[in-house]
Structures are given as structure tokens and as C-alpha cells.
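let's see this in three dimensions:
(one chain, ligands or ions: 2)
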Amino acid sequence: LGRKLNAALSSLNRAPVVDDKVLDILLKEVCAALLESDVNVKLVASLRQKVKAKVKASLESGADKGKDVNRKNIVQKAIFDELVQLVDPGVEPYKPKKGQSNVIMAVGLQGNGKTTTCTKLAVYYQRRGFKSCIVCADTFRAGAFDQTRQSATKAKVAYFGSYTETDPVSIAAQGVSKFKKERFDVIIVDTSGRHKQESELFEEMVQIGEAVKPNMTVMILDASIGQAAEAQSRAFKDSADFGAIIVTKMDGHAKGGGAISAVAVTKTPIIFLGVGEHLHDLEKFSPQPFISKLLGLGDVQGLMEHMQDIATQNPDKQKEMAKKLEEGKLSIRDWREQIQNVMNMGPISKIASMIPGLPQELLQGSDEEGSQRMKRMIYITDSMTASELDSDGSPFMETARGSGTSVREVEELLCQYRMMANMAKQAGGKNGWLQAAQKMQ
Ligand code: GDP
Ligand code: MG
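Ligands and ions are numbered 1, 2, ... in the order given. As a prediction, this is how the structure comes out:
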């Protein structure tokens, strides 16, 4: 989906003029990409109309000043905003608070990834200083408790369950009350999914819900179920009124569009994405960065979070960086440091899509090739003097022009740096989303 949307937007950038015809073709491509990844037909049709109306209104208000560059921006922004709308129901999900017990109940059909996600969630919160644990209330599937025991042990998270008790409601109640007494911050209740949607399952959800009174119920949705996501989430919403969605298996060939439809039909926010089978394969979800990444525009917020994870090992550095961001000052040196951090973070394919200004072409090919390209960027900065490194790069550009080094490459590098610096500027400051993001933690 990302690649197709990205391609559609690049064709917009290449178009010499932006007239109704260009807009129509572009919208057709965007809509085709969405439909192909299983986004509900009605949602796509409505997106198309809204973008058209927005662009028309903007142009009529004279915002384009007759320039095609501005028209392109207007079109791009309208598409971006409408895509964000698709995944943003405008509802704030529950945020666990420290120093109290936060009960999170996971619901969803069998095989959707509940048990795996419960462990991932426990690890996620544990790493952020919440004392976390898991209660296995799945008595339906043989081996369910064993699975919890094994994964919780591996993750070094406390767990509760029983081999003999057959009443899920009783187990859930016992586990939650035990962990509350032991002052756990995050108590995650894993439930049975059974095989299909059946009244017994929904009745069980209601009863467990009444017994443990969750602060938040999360529906775990498998990205690969496509259009079925709509009916499934509607059915669950009726009996286990969930307040958040986690979409799993986003790493596979899943199209994921069904999940978008689920958000729309239940007006419930997605809070995380499951992106693999391992404990750490859980990504925080926010609408704007997600769409930004999808369109190849980067995900500064995700990048910052990664950087913060790394920076916790070096608090002084972190403070310095936070100050720079707040002031909106980011030198080439800082930027280079971040690229280097990125290279130390893991597979380039996973991280690189978060960096704004990295065109999708850069991400193509193997991880090895990707990291070669990054090394090349660092290599260019190696020939900068100390004062050039501390600048915004313009002095180096002059030197490069004079000396005949590959000006195009330097230009490309500076362009990417500027995008990052610009986004950092927007992010920093008192009203920037970086502050907001930190408060959310
Ligand atoms: P449950 O029946 O809902 O509890 O589902 P499980 O947690 O047992 O998961 C079912 C299967 O999906 C297991 O093989 C998991 O490893 C796999 N799985 C869960 N989440 C993800 C994910 O995000 N990515 C991938 N690739 N596999 C996942
Ligand atoms: Mg399970």
C-alpha cells in the first residue's frame, strides 16, 4: 500500500501542471491502492469526495495563488489529512497510570495473536517502569496456560493461571485480585477466543468483564483477515465494548486495510501494531506518523522514541538533544549522529522508513544495500570541517561547489537533513508534539 501511495504522490510531483485531470488520475490511483488493500469501498468513496471538495474549496479561496507548487501542496495535504482521518476516530485511548492498578483485558478470535500480544504489552509497559503481569483466563484451548507460562517466563513477567480450574471467570477474578494485592501496575487478562463468533464466547467476555472490571478492553485484530474485520469488530464491540484495537501481523503480506475499516465502524483507536513474533515486535500507533510513514514522508515520532530508548543509556546526551530540539536547532553533526544511531538500531528496513526525507527508492533492496547508502551519507559528512558540521550545511555547499565534489549528492544530503531539521523544529518547543508525546509516556 505504502509503495503504491508513494508512487501516486511522486507522479503528482512530476506533473507540470495540476489541473482537474491530474487530480482525477491521482485520486483514482490512491483509491485503487486503498481498495486493493481491503479498505471498505464506502470509506474509499467518501475519501475521494472529501479530497475533491477540500481541494476545490482551497483553490476557490485563492490559496493557490495560481502556482502549481501550491496546488501540489494543497492536494498532498488534503490526501494526507483524509488518510489520517481514516485511522483516527478522534477518541483518546486509556493511558495506564503508575502507582495504581490498570487492568487491561484482551479479546479477539483464536489465532488473532492475543496471547503473543499480551506478553508484548507486558514487556512494553515493564520496560517503561510499570510492574506488569499476565492472567491467563483461556480455559478453552488445551495448552493455553502452558503458552502463557512459557512466553511470560521468557519475558520475565509475572503470570497467573491454572491447569485444573475450568471456569475462566473465576480464574480471571482470582488472578486480578491477587496481582492487585501485590500492587502490580499493569494487569493484562488474556481470554479465550474459541474458533468462531458464538454466543458462548460473547457471554464469557461479558462475564469476565464484569468480574475484573477492566480499565481498558483491547480487541486484538489480525491484519490478514481483510474485509472480515468489519463484521468481526462490530460483533465484539456489541458484547465486549472495547476501547482500543491492536492490529497484529502487520509484518506479513497482510494488506491491513480491513483494520482501517474496523476503526471506522467501531470509532475505536488503534494503539499498537504487532509486527512480528518476537517480544519486542510491537509498535506504538499514532495516526499522523503512521500515514506519514505510509506515504514515505517519515515518522519522526517513532524515530524519536527509538532514539530515546538508546539515549536512556546516555542521559547527558539525551538532555542535550532535547534542548536542541526544543530550540529548533539541529546541526549537521546532530543529524549525522542520528543516522549513526539508526544504523546501530537494527535492520535498516525497519528503521529507515521512519526517517523523513528518505525516499522509498532508498529503502529498496537488501538491508545491506540500505546500510551502504546510509554509510555513504555519513561518508560525505566526514569531509566536513568542524564548523561546517555545526552549521546547517550551507557553508559546506559552497565549498562543494568550489571543489567540484558531487554537488548533487551533497544537495540530496542537505535536502534530507533540512527535512529532518524542519520536522524537529515543529516537534520541539512548548507546543510541539514531542512534548505531548513525552507526556503520554
Ligand atoms: P491467540 O489465539 O489469539 O492467543 O493467538 P496467539 O498469540 O497464540 O498467536 C497465534 C499465532 O500468530 C502465533 O503463531 C503467533 O506467533 C502469531 N503472531 C501473533 N502476533 C504476530 C505478529 O504480529 N506477527 C506475526 N508474524 N505473527 C504473529
Ligand atoms: Mg491465546
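
and Val247, which of the three is it?
strand (DSSP: H, G, I helix; E, B strand; the rest coil).

check contacts around the closest residue to it other than its chain neighbours.
Excluding its sequence neighbours, the residue lying closest to Val247 (C-beta to C-beta, 6 or more residues apart in numbering) is Ala259, at 4.3 Å. Quick note: C-beta positions are derived from backbone N, CA and C, even for glycine. Contacts for Ala259 (C-beta atoms under 8 Å, 6 or more residues apart in numbering) come out as 221, 223, 229, 245, 247, 270.

if we go to 7 Å?
Contacts for Ala259 (C-beta atoms under 7 Å, 6 or more residues apart in numbering) come out as 221, 223, 229, 247, 270.

from ligand 2, how far out is it?
Separation of Ala259 from ligand 2 (C-beta to the ion, to the nearest Å) stands at 19 Å.

which of the helices or strands spans that residue?
helix 257-266 (DSSP states H and E).

backbone torsions only: list them for the residue of the stretch 151-300 of the chain found nearest ligand 1.
Ligand 1 sits closest to Gly274 of the stretch 151-300 of the chain, with a gap of 2.7 Å, by C-beta to the nearest ligand atom. Here is the backbone geometry of Gly274 (degrees, to the nearest 10): phi -90, psi 130.

what is the neighbour count of Gly111?
Residues near Gly111, counting by other C-beta atoms under 10 Å, number 14.

how about it, what does it touch?
Gly193 are the contacts of Gly111 under C-beta under 7 Å, 6+ apart.

quick revisit: can you name the residues bridging to the residue of the stretch 151-300 of the chain closest to ligand 1?
Leu282 (DSSP bridges).

isn't it up against Lys249?
Yes: counting by C-beta atoms under 7 Å, Gly274 touches Lys249, with 6.1 Å between them.

now the common contact residues for these two.
Joint contacts of Gly274 and Lys249 (C-beta under 7 Å, 6+ apart) are Gly113.

one step back: which residues sit in contact with the residue of the stretch 151-300 of the chain closest to ligand 1?
Neighbours of Gly274 in contact, by C-beta under 7 Å, 6+ apart: 113, 117, 120, 246-250, 281-282.

what parts of the stretch 101-250 of the chain come near ligand 1?
108, 110-116, 193, 248-249 (C-beta under 6 Å from any ligand atom).

what sits against whatever residue of the chain ends up closest to ligand 2?
Closest to ligand 2 within the chain is Thr115: 3.3 Å, counting by C-beta to the ion. By C-beta under 7 Å, 6+ apart, the contact set of Thr115 is 147-148, 151, 190.

rewinding a little: which pair in the contacts of Ala259 spans the largest distance?
Ala229 and Ile270 (11.5 Å; C-beta to C-beta).

about what we covered before: which of the contacts of Thr115 has the most neighbours?
Going by other C-beta under 10 Å, Asp190 tops those with 32 neighbours.

tell me the SS of that residue?
Under three-state DSSP, Asp190 comes out as strand.

and Val18, by the same measure?
coil.

phi, psi of it?
The phi/psi pair for Val18 (degrees, to the nearest 10) is phi -110, psi 100.

that one - nearest residue in space that isn't next to it in sequence?
Leaving aside its sequence neighbours, Val18 sits nearest to Arg71 (C-beta to C-beta, 6+ apart; 4.0 Å).

tell me the secondary structure at the one you found.
Following three-state DSSP, Arg71 is assigned to helix.

for Met377, see how far away it is.
Arg71 sits 32 Å away from Met377, going by C-beta to C-beta, to the nearest Å.

please identify the helix or strand for Lys4.
Using DSSP H and E, Lys4 falls in helix 2-14.

quick check: buried residues in that helix?
For helix 2-14, burial by neighbour count (16 or more other C-beta atoms under 10 Å) applies to 2, 4-6, 8-9, 12.

which other helices and strands contact that helix?
Applying 3 or more C-beta pairs under 7 Å, 6 or more residues apart in numbering; DSSP states H and E, one finds that helix 2-14 contacts helix 20-36, helix 68-87.

mind doing that once more with 8 Å?
helix 20-36, helix 68-87, helix 287-294, helix 360-363 (3 or more C-beta pairs under 8 Å, 6 or more residues apart in numbering; DSSP states H and E).

kindly export the third one (C-alpha atoms) in PDB.
These are the backbone C-alpha positions of helix 287-294, laid out as PDB (Å, rounded to 0.1, in the frame of the first residue of the first chain):
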ATOM      1  CA  PRO A 287      -2.400   8.200  13.100                       C
ATOM      2  CA  GLN A 288      -0.200  11.000  11.700                       C
ATOM      3  CA  PRO A 289       3.100   9.300  11.900                       C
ATOM      4  CA  PHE A 290       1.500   6.100  10.500                       C
ATOM      5  CA  ILE A 291       0.200   7.800   7.400                       C
ATOM      6  CA  SER A 292       3.300   9.800   7.100                       C
ATOM      7  CA  LYS A 293       5.400   6.600   7.000                       C
ATOM      8  CA  LEU A 294       2.900   5.000   4.600                       C
END
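
which other helices and strands does it contact?
Looks like helix 287-294 contacts helix 2-14, helix 68-87, helix 300-311 (3+ C-beta pairs under 8 Å, 6+ apart).

now find how far off-centre the second one is within its chain.
In other words, helix 68-87. 20 Å (C-alpha atoms, centre = their mean, to the nearest Å).

residues touching it, excluding its own?
For helix 68-87, the external contacting residues (C-beta under 8 Å, 6+ apart) are 5, 9, 12-13, 15-18, 23, 26, 30, 39, 43, 47, 50-51, 54-55, 58-59, 63-64, 260, 263-264, 270, 287-288, 290-292, 294-295, 297.
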